[in-house]
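Colleague: Got a predicted model here, sequence first, then my questions.
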Amino acid sequence: MPDFATILGTAVGTAAVSAGALAYAVRVPSCSWLAPSVSQGAGARPAIAITFDDGPSESTPELLEILARYGAPATFFQCGVNVRRLPQVAREVAGAGHEIGNHTDSHALLALKSPDSIYRELAAAQETIGKATGRLPQCFRAPYGARWFGLRAAQQRLKLTGVMWSTIALDWKRQTPAVVSRLLNGAARGAILCLHDGRVLQHRPDIGVTIQAVRELLPRLTEQGFHFEKVTDILCPTKN
(Lines give C-alpha, C1' and ligand atoms only; values in the text may rest on other atoms or scores of the structure.)
Protein backbone atom coordinates (compact mmCIF):
# COMPACT_ATOMS: atom_id res chain seq x y z
CA MET A 1 0.00 0.00 0.00
CA PRO A 2 1.46 3.41 -0.91
CA ASP A 3 2.61 5.52 2.02
CA PHE A 4 1.26 9.00 2.73
CA ALA A 5 4.20 10.74 1.07
CA THR A 6 3.64 8.80 -2.14
CA ILE A 7 -0.10 9.56 -2.14
CA LEU A 8 0.57 13.25 -1.44
CA GLY A 9 3.19 13.42 -4.17
CA THR A 10 0.78 11.89 -6.68
CA ALA A 11 -1.99 14.31 -5.68
CA VAL A 12 0.30 17.31 -5.99
CA GLY A 13 1.58 16.09 -9.34
CA THR A 14 -1.96 15.59 -10.64
CA ALA A 15 -2.99 19.05 -9.45
CA ALA A 16 0.05 20.59 -11.13
CA VAL A 17 -0.77 18.86 -14.41
CA SER A 18 -4.41 19.98 -14.16
CA ALA A 19 -3.39 23.57 -13.43
CA GLY A 20 -0.96 23.51 -16.34
CA ALA A 21 -3.60 22.13 -18.68
CA LEU A 22 -6.08 24.82 -17.61
CA ALA A 23 -3.52 27.58 -18.10
CA TYR A 24 -2.79 26.19 -21.56
CA ALA A 25 -6.49 26.17 -22.45
CA VAL A 26 -7.06 29.70 -21.15
CA ARG A 27 -4.07 31.50 -22.65
CA VAL A 28 -2.41 29.64 -25.55
CA PRO A 29 -3.69 31.25 -28.78
CA SER A 30 -3.79 28.03 -30.80
CA CYS A 31 -5.79 26.08 -28.19
CA SER A 32 -9.56 25.61 -28.70
CA TRP A 33 -10.38 23.48 -25.66
CA LEU A 34 -12.57 26.12 -23.98
CA ALA A 35 -13.89 27.79 -27.11
CA PRO A 36 -13.24 27.34 -30.83
CA SER A 37 -10.75 29.88 -32.07
CA VAL A 38 -8.21 30.41 -34.82
CA SER A 39 -4.76 31.96 -34.58
CA GLN A 40 -3.55 31.63 -38.17
CA GLY A 41 -5.11 32.25 -41.55
CA ALA A 42 -4.81 30.38 -44.82
CA GLY A 43 -1.21 29.99 -45.94
CA ALA A 44 -1.85 29.57 -49.65
CA ARG A 45 -1.19 33.23 -50.47
CA PRO A 46 1.15 35.96 -49.14
CA ALA A 47 -1.53 37.62 -47.02
CA ILE A 48 -1.35 39.06 -43.51
CA ALA A 49 -4.20 40.23 -41.27
CA ILE A 50 -3.49 43.36 -39.25
CA THR A 51 -5.78 43.55 -36.21
CA PHE A 52 -6.32 46.13 -33.49
CA ASP A 53 -7.84 45.63 -30.03
CA ASP A 54 -9.41 47.88 -27.36
CA GLY A 55 -10.73 50.68 -29.57
CA PRO A 56 -12.14 52.80 -30.84
CA SER A 57 -10.11 55.64 -29.40
CA GLU A 58 -9.57 59.27 -30.26
CA SER A 59 -6.44 58.25 -32.18
CA THR A 60 -8.07 55.57 -34.33
CA PRO A 61 -8.68 58.01 -37.23
CA GLU A 62 -4.92 58.56 -37.52
CA LEU A 63 -4.45 54.81 -37.97
CA LEU A 64 -7.20 54.83 -40.60
CA GLU A 65 -5.23 57.39 -42.61
CA ILE A 66 -2.09 55.22 -42.56
CA LEU A 67 -4.03 52.10 -43.54
CA ALA A 68 -5.70 53.98 -46.39
CA ARG A 69 -2.33 55.17 -47.67
CA TYR A 70 -1.25 51.55 -48.19
CA GLY A 71 -4.63 50.18 -49.19
CA ALA A 72 -4.54 47.91 -46.15
CA PRO A 73 -7.87 46.58 -44.85
CA ALA A 74 -7.73 45.64 -41.17
CA THR A 75 -9.90 44.19 -38.42
CA PHE A 76 -10.70 46.23 -35.31
CA PHE A 77 -11.86 44.31 -32.23
CA GLN A 78 -13.85 46.97 -30.39
CA CYS A 79 -15.19 47.28 -26.84
CA GLY A 80 -18.83 48.26 -26.40
CA VAL A 81 -18.01 50.92 -23.81
CA ASN A 82 -15.61 52.64 -26.21
CA VAL A 83 -18.08 52.40 -29.10
CA ARG A 84 -20.76 54.10 -27.01
CA ARG A 85 -18.25 56.82 -26.12
CA LEU A 86 -17.06 57.29 -29.71
CA PRO A 87 -19.79 55.99 -32.05
CA GLN A 88 -18.68 58.27 -34.88
CA VAL A 89 -15.18 56.79 -34.82
CA ALA A 90 -16.64 53.28 -34.95
CA ARG A 91 -18.65 54.36 -37.99
CA GLU A 92 -15.51 55.79 -39.60
CA VAL A 93 -13.80 52.41 -39.20
CA ALA A 94 -16.70 50.60 -40.84
CA GLY A 95 -17.10 53.27 -43.51
CA ALA A 96 -13.45 52.92 -44.50
CA GLY A 97 -14.09 49.28 -45.35
CA HIS A 98 -12.48 47.70 -42.31
CA GLU A 99 -13.93 44.82 -40.35
CA ILE A 100 -15.18 45.27 -36.79
CA GLY A 101 -14.95 42.45 -34.30
CA ASN A 102 -16.34 41.98 -30.79
CA HIS A 103 -13.92 42.53 -27.86
CA THR A 104 -16.56 42.33 -25.08
CA ASP A 105 -18.46 45.28 -23.69
CA SER A 106 -16.13 46.35 -20.87
CA HIS A 107 -12.85 44.61 -21.71
CA ALA A 108 -13.60 42.12 -18.97
CA LEU A 109 -11.21 39.35 -18.01
CA LEU A 110 -13.46 36.37 -18.72
CA ALA A 111 -11.54 33.93 -16.53
CA LEU A 112 -13.56 32.90 -13.46
CA LYS A 113 -16.73 34.61 -14.75
CA SER A 114 -20.01 32.72 -14.97
CA PRO A 115 -21.36 31.60 -18.36
CA ASP A 116 -24.22 34.12 -18.04
CA SER A 117 -21.80 36.96 -17.33
CA ILE A 118 -19.66 35.98 -20.30
CA TYR A 119 -22.68 35.90 -22.59
CA ARG A 120 -23.85 39.33 -21.40
CA GLU A 121 -20.40 40.83 -22.09
CA LEU A 122 -20.42 39.56 -25.67
CA ALA A 123 -24.09 40.30 -26.31
CA ALA A 124 -23.87 43.89 -25.06
CA ALA A 125 -20.89 44.62 -27.31
CA GLN A 126 -22.64 42.96 -30.24
CA GLU A 127 -25.72 45.13 -29.76
CA THR A 128 -23.73 48.34 -29.29
CA ILE A 129 -21.54 47.80 -32.36
CA GLY A 130 -24.54 46.83 -34.46
CA LYS A 131 -26.45 49.97 -33.49
CA ALA A 132 -23.48 52.28 -34.06
CA THR A 133 -22.27 50.86 -37.38
CA GLY A 134 -25.18 48.94 -38.85
CA ARG A 135 -23.02 45.79 -38.91
CA LEU A 136 -22.97 42.88 -36.52
CA PRO A 137 -19.49 41.49 -35.82
CA GLN A 138 -18.69 38.01 -37.07
CA CYS A 139 -15.50 37.63 -35.03
CA PHE A 140 -14.65 37.76 -31.35
CA ARG A 141 -11.39 38.18 -29.50
CA ALA A 142 -11.15 37.61 -25.76
CA PRO A 143 -9.58 40.44 -23.73
CA TYR A 144 -6.09 39.51 -22.56
CA GLY A 145 -6.45 36.45 -24.78
CA ALA A 146 -8.09 34.61 -21.88
CA ARG A 147 -10.87 32.14 -22.67
CA TRP A 148 -13.09 30.46 -20.05
CA PHE A 149 -15.88 27.94 -19.51
CA GLY A 150 -19.09 29.23 -21.06
CA LEU A 151 -17.40 31.13 -23.87
CA ARG A 152 -18.01 28.34 -26.36
CA ALA A 153 -21.77 28.52 -25.82
CA ALA A 154 -21.78 32.34 -25.99
CA GLN A 155 -19.86 32.35 -29.28
CA GLN A 156 -22.20 29.74 -30.75
CA ARG A 157 -25.31 31.61 -29.61
CA LEU A 158 -24.08 34.88 -31.13
CA LYS A 159 -22.56 33.20 -34.22
CA LEU A 160 -19.08 34.54 -33.49
CA THR A 161 -15.81 33.03 -34.68
CA GLY A 162 -13.12 33.16 -32.02
CA VAL A 163 -9.94 34.82 -33.28
CA MET A 164 -6.62 34.95 -31.47
CA TRP A 165 -3.28 35.84 -33.10
CA SER A 166 -0.08 34.35 -34.42
CA THR A 167 1.99 37.30 -33.08
CA ILE A 168 1.05 39.95 -30.54
CA ALA A 169 2.86 43.27 -30.76
CA LEU A 170 3.14 44.11 -27.04
CA ASP A 171 2.71 47.68 -28.24
CA TRP A 172 1.31 48.84 -24.90
CA LYS A 173 4.62 48.23 -23.12
CA ARG A 174 7.41 48.20 -25.72
CA GLN A 175 8.94 50.94 -27.82
CA THR A 176 8.49 51.21 -31.57
CA PRO A 177 11.70 49.46 -32.75
CA ALA A 178 10.97 46.41 -30.59
CA VAL A 179 7.34 46.29 -31.75
CA VAL A 180 8.27 46.53 -35.42
CA SER A 181 10.98 43.88 -35.04
CA ARG A 182 8.60 41.52 -33.26
CA LEU A 183 5.93 41.86 -35.95
CA LEU A 184 8.39 41.49 -38.82
CA ASN A 185 9.71 38.32 -37.22
CA GLY A 186 6.12 37.05 -37.09
CA ALA A 187 5.36 37.93 -40.69
CA ALA A 188 4.36 34.84 -42.66
CA ARG A 189 1.64 33.68 -45.00
CA GLY A 190 -1.62 33.72 -43.10
CA ALA A 191 -0.21 35.58 -40.08
CA ILE A 192 -2.65 37.37 -37.79
CA LEU A 193 -0.88 40.28 -36.10
CA CYS A 194 -2.38 41.87 -32.99
CA LEU A 195 -1.88 45.53 -32.11
CA HIS A 196 -3.97 47.98 -30.07
CA ASP A 197 -5.69 51.21 -31.11
CA GLY A 198 -6.83 51.78 -27.52
CA ARG A 199 -5.59 51.10 -24.03
CA VAL A 200 -8.47 49.18 -22.45
CA LEU A 201 -11.15 51.84 -21.62
CA GLN A 202 -8.91 54.89 -21.30
CA HIS A 203 -10.02 58.22 -22.73
CA ARG A 204 -7.49 59.72 -25.15
CA PRO A 205 -4.93 56.94 -24.67
CA ASP A 206 -1.38 57.44 -25.86
CA ILE A 207 -0.98 55.01 -28.77
CA GLY A 208 1.93 56.81 -30.36
CA VAL A 209 4.04 53.64 -30.36
CA THR A 210 1.30 51.77 -32.24
CA ILE A 211 0.83 54.52 -34.79
CA GLN A 212 4.54 54.80 -35.55
CA ALA A 213 4.92 51.01 -35.65
CA VAL A 214 2.15 50.70 -38.23
CA ARG A 215 3.66 53.57 -40.23
CA GLU A 216 6.97 51.68 -40.42
CA LEU A 217 5.57 48.16 -40.69
CA LEU A 218 3.22 48.41 -43.66
CA PRO A 219 5.75 49.52 -46.30
CA ARG A 220 8.26 46.93 -45.11
CA LEU A 221 5.72 44.11 -45.33
CA THR A 222 4.65 45.35 -48.75
CA GLU A 223 8.28 45.32 -49.91
CA GLN A 224 8.49 41.69 -48.79
CA GLY A 225 5.61 40.81 -51.10
CA PHE A 226 2.77 40.62 -48.59
CA HIS A 227 -0.68 42.09 -49.00
CA PHE A 228 -3.29 42.70 -46.30
CA GLU A 229 -6.67 41.10 -45.65
CA LYS A 230 -9.44 41.32 -43.08
CA VAL A 231 -9.66 38.40 -40.68
CA THR A 232 -12.72 36.83 -42.31
CA ASP A 233 -10.90 36.94 -45.66
CA ILE A 234 -7.60 35.54 -44.44
CA LEU A 235 -9.44 32.58 -42.92
CA CYS A 236 -10.93 31.70 -46.31
CA PRO A 237 -8.63 29.23 -48.10
CA THR A 238 -10.23 29.80 -51.51
CA LYS A 239 -9.97 33.61 -51.64
CA ASN A 240 -7.82 34.84 -54.54
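Modeller: Arrived safely. Every value quoted in this text rests on a predicted model; they were computed, and no experiment measured them. Residues are numbered from 1 along each chain as shown.
Colleague: C-alpha from now on. contacts and neighbour counts both.
Modeller: Noted.
Colleague: average pLDDT for the biggest strand by length in the chain?
Modeller: Among the segments of the chain that qualify as a strand by DSSP state E, the longest is strand 47-55. Average pLDDT, strand 47-55: 98.
Colleague: Please apply the same query to stretch 24-42.
Modeller: 90.
Colleague: Quick check: end-to-end length of that stretch?
Modeller: End-to-end distance for stretch 24-42, by Cα to Cα, to the nearest Å: 24 Å.
Colleague: what sits up against the longest strand of the chain?
Modeller: 73-79, 82-83, 103, 107, 187-201, 226-231, 234 (Cα atoms under 8 Å, 6 or more residues apart in numbering).
Colleague: what residues are up against the residue positioned nearest the centre of the chain?
Modeller: For the chain, the residue nearest the mean C-alpha position is Arg141 (4.4 Å; Cα atoms, centre = their mean). Neighbour list for Arg141: 77, 101-104, 162-164 [criterion: Cα under 8 Å, 6+ apart].
Colleague: Could you work out the most separated pair of these?
Modeller: Thr104 and Met164 (13.9 Å; Cα to Cα).
Colleague: got any residues that touch both of these two?
Modeller: Listed as contacting both Thr104 and Met164 by Cα under 8 Å, 6+ apart are 141-142.
Colleague: Which stretches in this structure count as strands?
Modeller: 37-38, 47-55, 75-78, 99-102, 139-140, 161-163, 167-168, 191-196, 227-228.
Colleague: what sits up against the first one?
Modeller: By Cα under 8 Å, 6+ apart, the residues outside strand 37-38 that reach it are 29-32, 161-165.
Colleague: Pairing partners for it, with directions?
Modeller: Strand 37-38 sits in its sheet next to strand 161-163 (parallel), going by DSSP bridges.
Colleague: hmm, who's touching the partner strand?
Modeller: 35-39, 138-142, 155.
Colleague: Take those and write them to CSV, including distance to Ala49.
Modeller: Below are these laid out as CSV (distance: Cα to Cα, whole Å):
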residue, distance to Ala49
Ala35, 21
Pro36, 19
Ser37, 15
Val38, 12
Ser39, 11
Gln138, 15
Cys139, 13
Phe140, 15
Arg141, 14
Ala142, 17
Gln155, 21
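Colleague: and which of these is nearest to Arg120?
Modeller: Once Cα to Cα is applied, the member of these that ends up nearest Arg120 is Gln155, at 11.3 Å.
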